[in-house]
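1. My questions concern the predicted model and sequence given below.
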Amino acid sequence: MKLGIVGLPNVGKSTLFNAITKAGAEAANYPFCTIEPNVGVVTVPDERLKVLHEMYNSKKTIYTTIEFYDIAGLVKGASKGEGLGNKFLGHIREVAAIVHVVRCFEDPNVVHVDGKIDPISDIETINTELILSDMEVLERRIQKTTKNLKGDKSLQKELDLLNKVHAFLGEGKSARAMELEEDEAEFVKSLDLLSYKPVIYAANVSEDDAAGEDNEYIRKVREFAATENSDVVVVCAKIESEMAELDDDEKAMFLEELGIEKSGLDKLVQASYHLLDLISFLTAGEPEVRAWTIKRGTKAPGAAGKIHTDFEKGFIRAETIAYDKLVECGGNLATAKEKGLIRSEGKEYVVKDGDVMHFLFNV
């Protein structure tokens, strides 16, 4: 899973990236200090794996991972190549979802590229560049489809939809805010439009606002996000930076002292799973315990294929138990079988979050 972190220069984007990935990207107080996207791979926190590890005394514990791409600060005119914009837009095209860092704090020592704090204006600046880039893509596609229509009248429906999306973008709205039928959504997704990518708005706040009520800036971001069904996560990049140097126990104490329930990374991971409609199933035993990320709605053979393509090709059945039921039995599979908690699931079974699975296959 690849997430691209974007934002105007000096909103705390690279600071947040450094903190959650400990990758040490340059975080200087001037625009364009990030040109190539820095990449950081983070493990997805999952308490269930710790419990299973202790239960089975496993040799290895393998968490699922997320790749964060720190994409350089976009500015007005990026879609026309301003500030090396085309390169940055190309990097955004490669990610599954966008984490859009928005400045929701006052600090006279950190310059704002537009000279004022206005999160909605910041959001619209970046969205406009993505929309303009998408409109160019659509114009080329419309031209091609119009030409092909002369020999194939069945393309009329496609052309109508392309024009509909283009007109919507022309109103300054992102493609993800459109209400589309299921088949229309599939087609629009295939166009790989930047403004159709799902977004998490990361409202970067000051230390004083990190554990408190939403400030006026956050409220505005939430209102805007609601218009396009996007998620909002409140983070304090400065606090995340301080926590990056601590071990797990120290982090927990630090958060407790500040009255913060979850770290920014935990909140981002949770939001990205929700946004991309992902779940995790687990495999457990003495050699290793491991989490595997799949799309919600995946059937058992598809989940087996995440482990190995042979598992999917020769799928017979999946011995499955819910994580909490396994814990109740202390990890003892014999006890779980006696209680009828281990289910034998076939090809049509839709995997649930927290299923602990053992696949039987034959190739």
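-> All right, it came through fine.
2. The residue most central in space within the chain: helix or strand, and which one exactly?
-> The centre of the chain sits closest to Ser272, judged by CA atoms, centre = their mean, with a distance of 3.4 Å. Counting by DSSP states H and E, the element that carries Ser272 is helix 264-276.
3. From the contact counts, what lies against that helix?
-> Applying 3 or more CB pairs under 8 Å, 6 or more residues apart in numbering; DSSP states H and E, we find helix 264-276 packed against helix 13-21, strand 97-103, strand 199-204, strand 231-235, helix 237-243. For the C-beta atoms, the positions are set from N, CA and C on the backbone; glycine is no exception.
4. Would you map the helices across the stretch 101-250 of the chain?
-> Ranges of helices within the stretch 101-250 of the chain are 119-149, 156-170, 182-190, 216-226, 237-243, 248-258, based on DSSP state H, counting those that start in this stretch.
5. Report the buried residues of the third one.
-> Put plainly, it is helix 182-190. The neighbour-count check on helix 182-190 (16 or more other CB atoms under 10 Å) flags Val188 as buried.
6. cool, the last one as well?
-> Residues of helix 248-258 classed as buried under the neighbour-count rule (16+ other CB under 10 Å) are 251, 255.
7. For that helix, what does the pLDDT average out to?
-> Across helix 248-258, the average pLDDT comes to 87.
8. so Leu49 sits in a strand?
-> No: Leu49 is assigned helix when assessed by DSSP: H, G, I helix; E, B strand; the rest coil, not a strand.
9. neighbours around it, how many?
-> By the criterion of other CB atoms under 10 Å, Leu49 has 23 neighbours.
10. Test my guess that it contacts Leu282.
-> Yes: applying CB atoms under 8 Å as the test, Leu49 and Leu282 come out as touching, 7.3 Å apart.
11. shared neighbours of the two, which are they?
-> Common neighbours of Leu49 and Leu282 (criterion: CB atoms under 8 Å, 6 or more residues apart in numbering): 289-291.
12. Which one (most neighbours) among the residues you listed?
-> Val289 (26 neighbours).
13. Can you classify that one as helix, strand or coil?
-> strand.
14. Let me know the secondary structure of Leu360.
-> Relying on three-state DSSP, one would call Leu360 strand.
15. which one is it nearest to, not counting chain neighbours?
-> Distances taken as CB to CB, 6 or more residues apart in numbering put Ile316 closest to Leu360, at 4.4 Å, once the chain neighbours are dropped.
16. How many neighbouring residues does that neighbour have?
-> Neighbour tally, Ile316, other CB under 10 Å: 14.
17. doesn't Asn362 make contact with it?
-> Yes: with contact defined as CB under 8 Å, Ile316 counts as touching Asn362 (5.9 Å).
18. got TSV for the helices and strands packed on helix 264-276, with mean neighbour count, distance to Leu130 and mean pLDDT too?
-> Listed next are the helices and strands packed on helix 264-276 as TSV, based on neighbours: other CB atoms under 10 Å; distance: least, CB to CB, whole Å; pLDDT from 0 to 100:
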stretch	mean neighbour count	distance to Leu130	mean pLDDT
helix 13-21	25	16	84
strand 97-103	26	9	93
strand 199-204	26	10	94
strand 231-235	22	17	93
helix 237-243	20	23	88
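19. Mind checking what helix or strand follows the helix holding Ser272 in sequence?
-> strand 278-283.
20. measure stretch 302-316 end to end?
-> 12 Å (CA to CA, to the nearest Å).
21. Identify the residues contacting that stretch?
-> Counting by CB under 8 Å, 6+ apart, 281, 283, 292-294, 300-301, 318, 347, 351, 357, 359-363 sit against stretch 302-316.
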